[in-house]
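Enquirer: predicted model, plus sequence, below.
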Amino acid sequence: MAAPVYFDNLGNGNSIDSRFANNNSSGEISMAYGVNFAYKISDKIKIRSGISKVDLSYNTKDIAFRATVNPSALTGIDYRGEIPKYRIENTISRPFSNISASSEFNRSSIASPAAGYLNQKLGFIEILS
């Protein structure tokens, strides 16, 4: 079996961080594929088994980021004890021009901000038994 999959947010908010709840975001079409087996023993008993892999992708737009000595953690990400050395800000609630003028951002940064988006990719393997 093979099928296209579209991953998107049906409600309000953002799975990466609540600061990005009002940002434009969109899912990408990706694929799910696998093998399924079914065997009918009788009219009442059927055996089904299979395995499939599903890949999902989701973009959050209007993001500013830069390398920094004072990083900020995102609440929806498990860093396993080590936060990367960059700072991510929302350009919706804090316009990009204000970010470069922000004293908090300037004190902790070692590079000028760059506009971009976050791309979240995830996948899983589904086993039917």
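Expert: That came through fine.
Enquirer: residue 63 is in contact with residue 115, isn't it?
Expert: Yes: the pair residue 63 / residue 115 is scored as a contact, 7.4 Å apart, by Cβ atoms under 8 Å. (C-beta placed from N, C-alpha, C; glycine too.)
Enquirer: who has more neighbours, the two?
Expert: residue 63 (22 against 12; other Cβ atoms under 10 Å).
Enquirer: could you say what helices and strands the helix or strand where that one lies packs with?
Expert: Using DSSP states H and E, residue 63 falls within strand 46-67. Under the contact definition 3 or more Cβ pairs under 8 Å, 6 or more residues apart in numbering; DSSP states H and E, strand 46-67 sits against strand 2-6, strand 25-27, strand 29-40, strand 86-90, strand 114-128.
Enquirer: hmm, what's the outermost residue in this structure?
Expert: Residue distances from the centre of the chain (Cα atoms, centre = their mean) peak at residue 42, which lies 44.5 Å from the mean C-alpha position.
Enquirer: what are the buried residues along stretch 5-18?
Expert: 7, 14, 15, 16, 17 (16 or more other Cβ atoms under 10 Å).
Enquirer: now pLDDT, secondary structure and distance to residue 126 too, for the residues you listed, in a markdown table please.
Expert: Below are the buried residues of stretch 5-18 laid out as a markdown table (pLDDT from 0 to 100; DSSP: H, G, I helix; E, B strand; the rest coil; distance: Cβ to Cβ, whole Å):
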| residue | pLDDT | secondary structure | distance to residue 126 |
| --- | --- | --- | --- |
| 7 | 79 | coil | 15 |
| 14 | 77 | coil | 25 |
| 15 | 75 | coil | 20 |
| 16 | 77 | coil | 24 |
| 17 | 78 | coil | 28 |
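Enquirer: between those residues, which is nearest residue 27?
Expert: Comparing the buried residues of stretch 5-18 against residue 27 with Cβ to Cβ places residue 7 closest, at 4.2 Å.
Enquirer: from residue 15, how far off is that closest one?
Expert: 10 Å (Cβ to Cβ, to the nearest Å).
Enquirer: overlap of the contact sets of the two?
Expert: residue 58 (Cβ atoms under 8 Å, 6 or more residues apart in numbering).
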